[in-house]
Every structure is written in C-alpha cells, then in structure tokens.
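Enquirer: here is my input; please provide its structure:
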Amino acid sequence: MVIDGVFSKKEHHGGIIVEKKYQNNTGRAGGSSTGETPFAPIPAQKTDPKGFSFSIKGESNKTINVIPNQEMYYSTSIGDSIIYIKHKGLFTNILWNTVPHNIIKLPFKKDYSKVQKKTPLYKQLDKRNAQLHLRIQEIYKRSDKNVFDALKYADSLIKNDKFLHKENKTIEIQTIIGEILYDNNKIDLALDQFLLIKKQSTKNLKNDANIAGCYIKKQQYKQALELLKEASMINKDFKWLIGNYYEIIKSKANAVITYQELYESDKQNYYYCYERIKELNKPDTDLLTELKYLKRRERTILYITDSGGFDVIKIKY
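Expert: Residues are numbered from 1 along each chain as shown. Below is the predicted model:
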C-alpha cells in the first residue's frame, strides 16, 4: 500500500481560495505542514487539516482543503487563484494528498467600471450573490446622498430582510453601517457597531482593523497597534495599516521600514507601498493622521458561471 503512495501520479488543477484557516496544533492532511510532498504520503481521507489550511473551489465547483507552507499562507488572500497538485495512487487511484503548487495573484489594478458598464453586474452573478450585491449597492447609493437615510435603510435590512438572515449575511451589512459612520466621523457610534460585530464574529480581521481605526481616533494607540499586529500575523496585508499607524504617531522611519518589508515580500501586489515610500521621501509630504483603508468599498465575489464553473469578480461601490 505504501508503494502505491510513493509512486503516486501527479495531477495539476486550478482553483480559487475561498477560506483560510489556522489552528495552533499543526498536523498533516494530504501533505506536510510545510506544503512539500512527503516521501510516503498519508491518505487525505483519513485525516483532518490542522495548522495552515486553504479551502479551494476547484474546476468541478467542489471545495477541497490543501495545506500550504507558512510563507504561502501569509502571502495570499481570499479570492487569489491557485494551482494545486493531487497525488493519486499509481495502482489504486486513491487520493493520497493535495499540495499547493503555485499562486497566481489577481492583478492589483483593474478597471472595474468598464466591466460594470458593459453588462449590469447583477446579471453576471448567480442569484444569491446578485441579491446581496443589489442590497449593498443601494446602501452606498443612499449614503452618497444622505448618510442617515442609508443607515436607516441598512438597519431595516438587518431587522426585516429574510434573505440576509437565511444566508447569514447580516454582519456584512453591520460592517458597512460601521464604516459609513466612521467615514462620517461618528467614531463612538462606529466603535459601538464594530464591537457588536466582534461579539458575533471574534475572528474577523477586517473588523479588528476597523476597531483599531476607531481607537486611533480616540488616541488609544496601544490597543490599536495590538489589534493590527495580531491581524498582520494572519494576513500580512494589514502591515500596510501598521505603516499608517507609525505615520500617525510621527515615527516616519518605522513607517518606511514597514512599507518596505511589505513591498519586498510581493512587489506586484504591494506596489502601493513603494509609491507611499516615494511620497514620504519628499520633504513636503504630510504624514497620515488616520488609517487609510484601501479597499473600503470593494468586495471580492466568487460566483457560479452559466457553464457551471466559477469565476471571481471584484466590485467597487
């Protein structure tokens, strides 16, 4: 039986990261915890993934788990495309393990407006995502005209919308409410909203970053930095906000170091860090006074295509 695994066949497949997990008790399921192929693989069906884990949506639209190494885990985000290898037994065709092979990062810059003008976005999405998109779109549309009208509408959705409750999407609407309050300098109300979300969703990195922004506005810098550091240990995207933090407390040198580290880790996707470093090197550049959330009104949606496959689209509201 071991020979069947040692001489396993390699099959390359493509997919999209739909979930990232980390558990403290590192184990092995369908590959080693380093993401490298073990000499004699353990059958994937017999173990559960622990340690670093991706949930991948593959070509068949089924979700599978793969075990990345630490560097790959921290350098990726939900929505990134990935190539993974399935090892199947040479004689039995049993799936022995599934190993991440390569990440294909989505381009950082893309003209979403052209896509949306070409075909109404809600017609490109499956029914479930289209319903959520239309609700979010309406909230932002109202907020651009009248903030309180938007908040009233969003609050009514949370209380009365059966679709949101059925799909467990009320937290997304609550987050938008908090962000609208924050962007309109209603910091205490925004913080109340984000703390309410934290009670419902303790492992929500975006929400922790939002709380950190409120703490900075209230000059509670220590609490803010703790939250940002914890988030960046799971997803290094949040190092950008740590760089912002150092600017806010007027530690320009530490800000540059933080931006540089993030840029060097992935020059294509963190090119904006390089641009910020160039700005900071100019004598007349003002330091930031608050966190700069780059994707405040942007969502990444995984949706089912007409052919039965799947695709990813990024939406700017």
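Enquirer: which residues sit in contact with the closest residue to residue 200 other than its chain neighbours?
Expert: Counting by CB to CB, 6 or more residues apart in numbering, the nearest residue to residue 200 once its immediate chain neighbours are dropped is residue 171, at 6.2 Å. C-beta: built from backbone N, CA, C; applies to glycine. Remark: with contacts taken as CB atoms under 8 Å, 6 or more residues apart in numbering, residue 171 is in contact with 197, 200, 201, 204.
Enquirer: CSV please, covering these and showing secondary structure, distance to residue 257 and neighbour count.
Expert: CSV is the format used below for the contacts of residue 171 (DSSP: H, G, I helix; E, B strand; the rest coil; distance: CB to CB, whole Å; neighbours: other CB atoms under 10 Å):
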residue, secondary structure, distance to residue 257, neighbour count
197, helix, 32, 23
200, helix, 36, 11
201, coil, 32, 12
204, coil, 28, 17
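Enquirer: elements contacting the helix or strand containing residue 196?
Expert: Counting by DSSP states H and E, the secondary-structure element that holds residue 196 is helix 187-200. When contacts are defined as 3 or more CB pairs under 8 Å, 6 or more residues apart in numbering; DSSP states H and E, helix 187-200 packs onto helix 170-183, helix 205-217.
Enquirer: quick one: the shortest one to helix 170-183, angle?
Expert: Right, the one you point to is helix 205-217. Here helix 205-217 runs at 20 degrees with respect to helix 170-183, directions being taken by axes from the mean of the first three to the mean of the last three CA atoms, to 10 degrees.
Enquirer: what mean pLDDT does helix 205-217 get?
Expert: When pLDDT is averaged over helix 205-217, the result is 97.
Enquirer: may I have that helix as PDB, with CA atoms only?
Expert: Listed in PDB are the C-alpha atoms of helix 205-217, where the atom choice follows Å, rounded to 0.1, in the frame of the first residue of the first chain:
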ATOM      1  CA  LEU A 205      -9.600  40.600  10.900                       C
ATOM      2  CA  LYS A 206     -11.300  43.300   8.900                       C
ATOM      3  CA  ASN A 207     -13.500  44.200  11.900                       C
ATOM      4  CA  ASP A 208     -10.400  44.300  14.200                       C
ATOM      5  CA  ALA A 209      -8.800  46.700  11.800                       C
ATOM      6  CA  ASN A 210     -11.900  48.900  11.900                       C
ATOM      7  CA  ILE A 211     -11.800  48.800  15.700                       C
ATOM      8  CA  ALA A 212      -8.100  49.800  15.500                       C
ATOM      9  CA  GLY A 213      -9.100  52.800  13.400                       C
ATOM     10  CA  CYS A 214     -11.600  54.000  16.000                       C
ATOM     11  CA  TYR A 215      -9.000  53.500  18.800                       C
ATOM     12  CA  ILE A 216      -6.600  55.700  16.900                       C
ATOM     13  CA  LYS A 217      -9.200  58.400  16.500                       C
END
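Enquirer: what comes up buried for it?
Expert: Of all the residues in helix 205-217, those buried under the rule 16 or more other CB atoms under 10 Å are 205-217.
Enquirer: pLDDT of the helix or strand just after that helix, averaged?
Expert: Along the chain past helix 205-217, the next helix or strand (assigned with DSSP H and E) turns out to be helix 221-234. When the per-residue pLDDT values of helix 221-234 are averaged, the result is 96.
Enquirer: elements contacting helix 221-234?
Expert: For helix 221-234, the packing partners by 3+ CB pairs under 8 Å, 6+ apart come out as helix 205-217, helix 239-248.
Enquirer: the helix ranked longest in the chain: which residues count as buried?
Expert: Determined from DSSP state H, the single longest helix within the chain is helix 127-143. Counting neighbours by 16+ other CB under 10 Å, one finds that the buried residues in helix 127-143 are 129, 130, 131, 132, 133, 135, 136, 139, 142, 143.
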